[in-house]
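**Q** prediction below, plus the sequence it came from.
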Amino acid sequence: MTLGDLVSRLDLRVFTPGLALDRPVLGGYAGDLLSDVIGHGRKGDLWLTIQIHPNVVAVAVLKELAAIVLVNGREPAAETLEQAAREKVPVLGSALSSFELAGRLHGMGVKGS
Amino acid sequence: MALRRVRADLHIHTCLSPCGELAMSPRAVVERARAAGLDLVAVTDHNTTRNAAAVAEAAEGTGLAVLPGIEVTTSEEVHILGLFEAGSDIGPFQAEIDRNLPDVPAKRKFIEDQVVVDAEDYVTGFDPRCLFGATLFTVHEAVALIHRHGGLAIACHIDRESFSLVSQLGFIPPGLGLDAVEVSPRSSAAEAEARFGPFAPLAVVRFSDAHRPEEIGTATTDFLVASPGLAEVRLALAGRAGRRVLGP
């Protein structure tokens, strides 16, 4: 499953329109403490979070995550988007909560570790 | 000017913090701080400075210097310490905090844990808002706000796994402009040096984060300064004019 598939099936908002969405999603992780995501995120994960600070981009790069999904309708800080574009990290958005979105992803075959 | 060693614990809660014991009254804080051999303390309740003046007044004539301060919860749920000059007008700073603290009413049992007092330990009121909640300020905004009001900004207990800059944001964001980072009593002075020494030139300090009287002074930092005040601590944190941090 690619990011693009999930964007259309879950009606996700795309905050980084300049970035390709053809990369595969290998799994998922949800968390708002960046230290925890650094510890437990895996390569290719779709990361669900409410944190909008620019540091989320660095964590996604470090862990080679597939993309960041901001939940609860949160919008990224301007600097976060600038860094995401620079580092080529797709930033998506959903009006759903982490719990709801993770449930739907799981039902579509996107699993945690 | 002759420099001397000043022992400081600049992270102390009072009975106004929901998690601070009722026993953390101005007189008790002053008494305990003196018994612990401290020269300088700061009153740092969650998102409020309202009990600081009472503690300063209770310390008058005792030789203990008291700085007004605050522990701000940012929108990322990072705790940032703000320390201000003794006797300075922190009303405008508090007004900014009040405007940016969501008005979530505290449950009755918690309101009774948010006690405003005077220097004689008399209860003068309760804060009805949930003081532990997050303000709308990002870490960058909180540091800038503290600086704009003449204060020092210190990232709290960065060795802890909750409410710390490191736990919430993974690492210290570049360009934040902090004056120091604080470690909690959970890290020994040696552990703090080994783990966070590489942050130099950012000063590492160690304070108690006391919520109970017996915790006051359980972690302290010594400064080589001319006198126990904010301007001198600022010089020491920056390592200027011969002032310096002697170590936790």
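**A** That came in fine, so what should we check first?
**Q** lowest-confidence helix or strand of chain B?
**A** Within chain B, judged by mean pLDDT, DSSP states H and E, the helix or strand with the poorest mean is helix B:108-111; its value is a mean of 70.
**Q** let me fix that: chain A
**A** Taking mean pLDDT, DSSP H and E as the measure, chain A has helix A:34-40 as its least confident helix or strand, at a mean of 92.
**Q** now the element after that one, going C-ward?
**A** Note on helix A:34-40: by DSSP states H and E, the next helix or strand toward the C-terminus is strand A:45-49.
**Q** what comes up buried for that next one?
**A** For strand A:45-49, the neighbour count (16 or more other Cβ atoms under 10 Å in any protein chain shown) marks A:45-49 as buried. Where C-beta positions appear, they are placed from N, C-alpha and C, glycine not excepted.
**Q** equivalent analysis for stretch B:95-103, please.
**A** Taking 16+ other Cβ under 10 Å as the neighbour-count basis, stretch B:95-103 is seen to contain the buried residues B:96-97, B:100-101.
**Q** wait, which of the residues you listed is closest to residue B:177?
**A** Proximity of these to residue B:177, judged by Cβ to Cβ, is greatest for residue B:96, which lies at 17.6 Å.
**Q** what lies in contact with stretch A:40-48?
**A** With Cβ atoms under 8 Å, 6 or more residues apart in numbering or on different chains as the test, stretch A:40-48 has contacts from A:3, A:6, A:24-31, A:37, A:56, A:59-60, A:63-69, A:71, A:98, A:101-102, A:105, A:110, A:113.
**Q** neighbours of the closest residue to chain A within chain B, how many?
**A** For chain B and chain A, the shortest gap (Cβ to the nearest Cβ) falls at residue B:170, measuring 3.3 Å. As a burial measure, residue B:170 scores 22 neighbours (other Cβ atoms under 10 Å in any protein chain shown).
**Q** does residue B:246 lie in a helix or a strand, and which?
**A** With secondary structure defined by DSSP H and E, residue B:246 is part of strand B:244-247.
**Q** starting from that strand, tell me which strands it pairs with and how they run.
**A** Applying DSSP bridges, strand B:244-247 is found paired with strand B:221-225 (antiparallel).
**Q** so who does residue B:234 touch?
**A** For residue B:234, the contact set (Cβ under 8 Å, 6+ apart) comprises B:152, B:179.
**Q** got phi/psi on it?
**A** Residue B:234 adopts backbone torsions of phi -60, psi -50, taken as degrees, to the nearest 10.
**Q** any idea of the pLDDT on it?
**A** For residue B:234, the pLDDT comes out at 98.
**Q** buried stuff in stretch B:8-26?
**A** Of all the residues in stretch B:8-26, those buried under the rule 16+ other Cβ under 10 Å are B:8-18, B:20-21, B:24-26.
**Q** quick check: the farthest pair among those residues?
**A** Greatest spatial distance in the buried residues of stretch B:8-26: B:8 and B:18, 25.1 Å, computed using Cβ to Cβ.
**Q** show me which residues of chain A sit near chain B.
**A** For chain A, the contact set with chain B under Cβ under 8 Å from any Cβ of the partner chain comprises A:32-38, A:51, A:53-55, A:58-59, A:77.
**Q** do that again at 6 Å, thanks
**A** Within chain A, the residues that sit near chain B (Cβ under 6 Å from any Cβ of the partner chain) are A:33-35, A:38, A:53, A:55, A:59.
**Q** possible to save these as JSON lines with neighbour count?
**A** Listed next are the residues of chain A next to chain B as JSON lines, based on neighbours: other Cβ atoms under 10 Å in any protein chain shown:
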{"residue": "A:33", "neighbour count": "21"}
{"residue": "A:34", "neighbour count": "25"}
{"residue": "A:35", "neighbour count": "19"}
{"residue": "A:38", "neighbour count": "16"}
{"residue": "A:53", "neighbour count": "25"}
{"residue": "A:55", "neighbour count": "22"}
{"residue": "A:59", "neighbour count": "24"}
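**Q** closest to residue B:108 out of those residues?
**A** The closest of the residues of chain A next to chain B, once distances to residue B:108 are taken by Cβ to Cβ, is residue A:33, at 30.5 Å.
**Q** check contacts around the nearest residue to the closest one once chain neighbours are set aside.
**A** Excluding the flanking residues, the one nearest residue A:33 by Cβ to Cβ, 6 or more residues apart in numbering or on different chains is residue B:167, at 5.4 Å. When contacts are counted by Cβ atoms under 6 Å, 6 or more residues apart in numbering or on different chains, residue B:167 touches A:33, A:35, B:161.
**Q** okay, now the last one: neighbour count?
**A** Here the number of neighbours of residue B:161 (other Cβ under 10 Å) works out to 12.
**Q** dump the residue contacts of the residue of chain A found nearest chain B.
**A** Among the residues of chain A, residue A:34 lies closest to chain B, at 3.3 Å counting by Cβ to the nearest Cβ. By Cβ under 6 Å, 6+ apart, the contact set of residue A:34 is A:55, A:59, B:169-170.
**Q** among these, show me the least confident.
**A** Of all of the contacts of residue A:34, residue B:170 carries the lowest confidence score, 89.
**Q** that residue: what's it in contact with?
**A** The contact partners of residue B:170, by Cβ under 6 Å, 6+ apart, come to A:34-35, A:38, A:55, A:59.
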